[in-house]
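**Student:** I would like to see how this sequence folds:
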Amino acid sequence: MKRLLTGITIVVLAFSANLRAQNVYVCHGYSYDSYAMADIGDLLFTANKDSVEICGEGYEVAYIDSITFSEPQFPTISVVYNGTSATVTIPSEITGVKCSSGTSSHVVLTSTNTTTEYLYTASGSSTNGSLTINGSYKMSLMLAGLTLTSGKGAAIDIECGKRIDIILKEGTTNTLADYAKGDQKGALYAKGHVELKGAGTLNVTGNCKHAICAKEYFIVKASVGTVNILAASGDGIHCGKAEKGSEHNYFQMNGGTVNISGCGSDCIDSDDYGCVKIKGGTLTLNVSSADGSGILCDSLYNQTGGSIILNVTGQEAKGIRVAYAATFKGGTIEGTVSGTGTRGIRGKKVIKITGVRNGGALNFKGTDVNLTVSGTAYLTTQCAGIYTDTTITQSDGDITVNVTNDSALDISAATDNWEGGTRNGQAKQ
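**Tutor:** Prediction:
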């Protein structure tokens with residue numbers, strides 16, 4: 001495998017401008033990641049050659065089966081919706097997968113496989129349909145032009161408990177909505193670790209609770225096209241509860257475009273003790289619910305890249321709320337803070353809970369922040385650009401907070417350690 005990847009590096013460097021318009025496919029099991037040739041550049045190996053970085057994504061060499069320049073063709077379990085019915089096709093070479101729903105538009109697939117990562121595809125349209133996949137092994141689901149509204153629960157419910165690749169097929173738009181009177185946790189629910197990839201578009205509405213809910217971590221990979229959370233009764237994206245001190249529960253964004261609005265609670269919630277990692281992409285968060293947050297992080301928040309755009313309008317809402325410690329090391333944060341009693345970036349010390357949720361320190365090491373604050377106070381809660389109960393430390397980057405209301409605050413902290421970088425265009429004296 002190492003010899004293969006080294007050879008691929010040489011080939012990539014030698015490609016002409018015309019071929020650079022093609023895609024490169026990194027294959028593993030019956031799944032793959034797709035990258036534009038023009039974006040790849042060099043393949044960066046670790047010193048011991050056991051892992052390689054492609055477009056900012058890290059891969060263990062043993063995990064990669066092949067790298068090709070044409071879209072791979074795998075045996076695929078296919079589900080095609082057509083109104084009140086669905087056609088399920090399971091190739092003969094795939095064993096251990098059965099469909100128990102016949103031609104119903106509420107498709108139930110169960111896998112007893114524990115050795116091979118199968119690829120499922122879903123396409124077509126139904127205004128009263130759903131897809132449930134049961135199993136105990138990692139899997140991939142490609143959404144290939146799917147419009148699915150459930151009349152009984154989640155639109156998609158994956159119950160494998162392992163790593164789940166959800167692939168948005170390039171050139172397709174996929175739209176999901178769940179049943180408003182159900183008891184499901186999300187329109188798209190996955191009991192497992194979710195890795196979202198693929199250059200297509202995904203639109204999700206959570207009528208019952210959350211729009212997207214993952215039992216453990218949720219990663220938006222660099223290859224993702226566009227994700228639109230159109231509305232949610234609860235959170236836009238919710239990562240499930242983990243063990244105290246565990247990092248298995250986190251939201252991570254490596255790339256792509258994610259737009260979230262219309263949430264009854266938070267746009268992104270990494271739940272109790274969950275971490276947030278922003279590495280790339282563009283994240284637009286419209287926070288309109290009272291006391292809601294654009295990003296709610298009860299553990300470690302770490303931003304090293306990407307662009308976050310905040311529009312905070314809800315009463316006492318927060319753009320980014322961190323209850324332990326936050327490090328802003330790269331990328332940008334910009335937007336408006338206009339609701340009554342709102343805060344753009346909020347470090348909150350939670351005194352009543354010991355352990356991980358007792359911090360609120362904000363550490364700026366290079367992220368550029370540009371916020372406009374126009375909101376008024378709500379009772380005794382002042383509107384503010386950046387506010388923490390504990391400590392702000394700034395060593396690099398530019399923080400600009402433009403306050404247009406005399407009662408609002410730009411930056412407020414119990415302790416302010418301004419060591420470097422600029423604030424409102426002025427260098428530290």
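
**Student:** okay, how far is it across stretch 55-75, tip to tip?
**Tutor:** 27 Å (C-alpha to C-alpha, to the nearest Å).

**Student:** buried set for it?
**Tutor:** 55, 57, 59, 61, 64-65, 67, 74 (16 or more other C-beta atoms under 10 Å). C-beta: built from backbone N, CA, C; applies to glycine.

**Student:** can you list which of these are found in strands?
**Tutor:** 57, 59, 67 (DSSP state E).

**Student:** now these as a markdown table including pLDDT?
**Tutor:** As requested, these are arranged in a markdown table below (pLDDT from 0 to 100):
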| residue | pLDDT |
| --- | --- |
| E57 | 78 |
| Y59 | 80 |
| I67 | 83 |
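
**Student:** gap between T415 and N302?
**Tutor:** 21 Å (C-beta to C-beta, to the nearest Å).

**Student:** who's more crowded, the two?
**Tutor:** Between T415 and N302, counted using other C-beta atoms under 10 Å, N302 has the larger neighbour count: 19 against 10.

**Student:** which element is the more buried one on?
**Tutor:** strand 300-312 (DSSP states H and E).

**Student:** name the helices or strands packed onto that strand?
**Tutor:** strand 275-278, strand 282-287, strand 293-297, strand 318-322, strand 325-337, strand 343-347 (3 or more C-beta pairs under 8 Å, 6 or more residues apart in numbering; DSSP states H and E).

**Student:** who wins for proximity to V24 among the ones you listed?
**Tutor:** In terms of C-beta to C-beta, the element of the helices and strands packed on strand 300-312 nearest to V24 is strand 282-287, at 22.9 Å.

**Student:** how big is the angle separating the closest one from strand 300-312?
**Tutor:** Relative orientation of strand 282-287 versus strand 300-312 (axes from the mean of the first three to the mean of the last three C-alpha atoms, to 10 degrees): 60 degrees.

**Student:** name the helices or strands packed onto strand 282-287?
**Tutor:** Helices and strands touching strand 282-287, by 3+ C-beta pairs under 8 Å, 6+ apart, are strand 257-260, strand 293-297, strand 300-312, strand 318-322.

**Student:** and the angle for the second one with strand 343-347?
**Tutor:** I take that to be strand 293-297. 10 degrees.

**Student:** parallel or antiparallel, which strands does strand 293-297 pair with?
**Tutor:** strand 268-269 (parallel), strand 318-322 (parallel) (DSSP bridges).

**Student:** could those go into a markdown table alongside mean neighbour count and mean pLDDT?
**Tutor:** Conversion of the strands paired with strand 293-297 to a markdown table gives the following (neighbours: other C-beta atoms under 10 Å; pLDDT from 0 to 100):
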| stretch | mean neighbour count | mean pLDDT |
| --- | --- | --- |
| strand 268-269 | 28 | 97 |
| strand 318-322 | 27 | 97 |
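
**Student:** which one, of the ones you listed, ends up nearest to K428?
**Tutor:** strand 318-322 (23.4 Å).

**Student:** ok, the closest residue in space to D389 that isn't next to it in sequence - how many residues close by?
**Tutor:** Nearest-residue entry for D389: K349, 4.1 Å, with adjacent residues in sequence omitted and distances by C-beta to C-beta, 6 or more residues apart in numbering. Using other C-beta under 10 Å, K349 has 16 other residues around it.

**Student:** run through the stretch 301-429 of the chain and note the low-pLDDT ranges.
**Tutor:** Scanning the stretch 301-429 of the chain for pLDDT under 70 picks out 350-358.

**Student:** ok, now with 90
**Tutor:** For the stretch 301-429 of the chain, applying pLDDT under 90 flags the ranges 323-325, 348-360, 406, 428-429.

**Student:** coming back round to it: is it possible to get JSON lines of the helices and strands packed on strand 300-312 that adds distance to A427?
**Tutor:** Output for the helices and strands packed on strand 300-312, formatted as JSON lines (distance: least, C-beta to C-beta, whole Å):
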{"stretch": "strand 275-278", "distance to A427": "26"}
{"stretch": "strand 282-287", "distance to A427": "29"}
{"stretch": "strand 293-297", "distance to A427": "29"}
{"stretch": "strand 318-322", "distance to A427": "25"}
{"stretch": "strand 325-337", "distance to A427": "18"}
{"stretch": "strand 343-347", "distance to A427": "21"}
